[in-house]
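A.B. asks: Quick one, fold the following:
(2 chains)
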Amino acid sequence: MAVHTQNPTAETGGSSMATGPERLWPYLLLGIVLGIVFTRSEVVSWFRIQEMFRFQAFHMYGIIGSAVAVGAASVWLIRKLGLRSATHRPMEIPQDEFEAPGYQYWLGGTAFGLGWGLLGACPGPIYVLLGNGVTVMIVAFISALVGVWTYGALRHRLPHS
Amino acid sequence: MDFLTQPWPWYVAGPLIGLAVPLVYLYAGRKWGVSSTFRDVCAATFPKNLDYFSYSWRDRGSWRLTMAVGLVIGGLIAGLTGPAEVMISEATRADLSALGITDFGGLVPSEIFSWSGLATPAGVVLIVIGGFLVGFGTRYANGCTSGHAISGLSALRVTSFVAVLGFFAGGLIATHLLLPLILGGGS
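C.D. replies: Just a heads-up that it's a prediction; the model follows:
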């Protein structure tokens, strides 16, 4: 294979390099660990989200801020060192080129924020709260699916950049 | 072992959450995010010829759907082994009491986020409409707290920064304008 594939959607590629296939169990493990972290740090709590939007504690800002700091340092390092993934799939790191933020980021972001403020849970915590025994969150999950489906049906009529 | 069952401070939890970004990149080059699982579920169950759901959800979504199953299991494990009560600030407790919230004993106020709460107008708005907006908004903006606020800001994306501003604008409106209307106050 002479041509290096740049296609980020190539799922397995034709690489002749000795690589392991992508397994699912690492993702299960990651989810379990994150589910425990989200619960113990109380980011799944409606009360904590209210506290954040009322600027009455540093807790949520500290979590989001330190998560971004660790994420940004890691992404910088991965780029700097030109690291490749263990399974040799292409790195899907968003590129540096400036993209003017279109309507979807403002409008979609605000719609999401309204939902976040009311429900007190973003997508990850919806799953984690189900595990915590807040079974009524299955209704929030189904409502979210209806919201996603509605976007899928209307997207050509909604303003985008 | 007390550490494992007590609430964790931000400086432990935040970096652990941030590590998800490089771990997923270094394993398979994928951009960490949770909300796309909602799209995957729609694509798997009710695509109805919409182009937005015409993609191979198995190839693109298996990893994150598996992670979502892990999130539920992790929540179950943590819920069975730790305290439920959240020690929020006195100021927040006072504000929410003024809005009529009385049960501060769990992760969420049980008078709203329960099956009996779902039968009240406030429960319908917060759970059903809130859930709808979370789903709709996250796909319109093409990312949620994980995809934009954490993965996107980690890559220093301007578009993610704007989306996060939108998240906060919406959250502030919901908290300071809508909740007082929905919950009334003390009634």
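A.B. asks: Could I get the phi/psi values of the closest residue in space to B:Ser36 that isn't next to it in sequence?
C.D. replies: Excluding its sequence neighbours, the residue lying closest to B:Ser36 (Cβ to Cβ, 6 or more residues apart in numbering or on different chains) is B:Arg64, at 5.9 Å. Yep, even glycine has a C-beta here, placed from its N, CA and C like the rest. B:Arg64 adopts backbone torsions of phi -80, psi -30, taken as degrees, to the nearest 10.
A.B. asks: Could you tell me which residues make contact with B:Arg64?
C.D. replies: By Cβ atoms under 8 Å, 6 or more residues apart in numbering or on different chains, B:Arg64 lies in contact with A:27, B:33-34, B:36-37, B:40.
A.B. asks: what sits up against the helix or strand of chain B with the lowest mean pLDDT?
C.D. replies: Using mean pLDDT, DSSP states H and E, helix B:2-5 stands out as the lowest-scoring helix or strand of chain B, at a mean of 76. Residues from elsewhere that reach helix B:2-5, judged by Cβ under 8 Å, 6+ apart: B:81-83.
A.B. asks: how about 6 Å then?
C.D. replies: The contact list for helix B:2-5 (Cβ atoms under 6 Å, 6 or more residues apart in numbering or on different chains) reads B:81-82.
A.B. asks: what's the longest helix in chain A?
C.D. replies: Ranked by residue count under DSSP state H, the longest helix found in chain A is helix A:59-81.
A.B. asks: and the closest residue to B:Val72 other than its chain neighbours, how many neighbours does it have?
C.D. replies: In space, B:Val72 comes closest to A:Gly131 once its chain neighbours are excluded; the distance is 4.1 Å by Cβ to Cβ, 6+ apart. Applying other Cβ atoms under 10 Å in any protein chain shown, we find 27 residues neighbouring A:Gly131.
A.B. asks: Distance-wise, check A:Gly131 relative to B:Val69.
C.D. replies: Using Cβ to Cβ, to the nearest Å, one obtains 10 Å as the distance from A:Gly131 to B:Val69.
A.B. asks: Repeat that for A:Glu22.
C.D. replies: 16 Å.
A.B. asks: got the buried residues for stretch A:130-148?
C.D. replies: For stretch A:130-148, a neighbour-count test (16 or more other Cβ atoms under 10 Å in any protein chain shown) marks A:130-132, A:134, A:136-137, A:139-141, A:143-148 as buried.
A.B. asks: Ok, stretch B:44-63 next?
C.D. replies: Neighbour counts using 16+ other Cβ under 10 Å place B:47, B:50, B:52-53, B:57, B:60-61, B:63 of stretch B:44-63 among the buried residues.
A.B. asks: what's the span of that stretch, first residue to last?
C.D. replies: Using Cα to Cα, to the nearest Å, one end of stretch B:44-63 lies 14 Å from the other.
A.B. asks: near chain A at all, that stretch?
C.D. replies: Yes - for stretch B:44-63, a contact with chain A is found by Cβ under 6 Å from any Cβ of the partner chain, at B:50, B:52-53, B:59, B:63.
A.B. asks: Quick check: what element follows the helix or strand bottoming out on mean pLDDT in chain A along the chain?
C.D. replies: Across the helices and strands of chain A, the lowest-confidence element by mean pLDDT, DSSP H and E is helix A:103, at a mean of 93. Once helix A:103 ends, the next helix or strand along the chain (criterion: DSSP states H and E) is helix A:109-119.
A.B. asks: got a list of contacts for that following helix?
C.D. replies: Contact partners of helix A:109-119, identified using Cβ under 6 Å, 6+ apart, comprise A:53, A:122, A:140, B:126, B:130-131, B:133-134, B:136-138, B:141, B:163, B:166-167, B:169-171, B:174-175.
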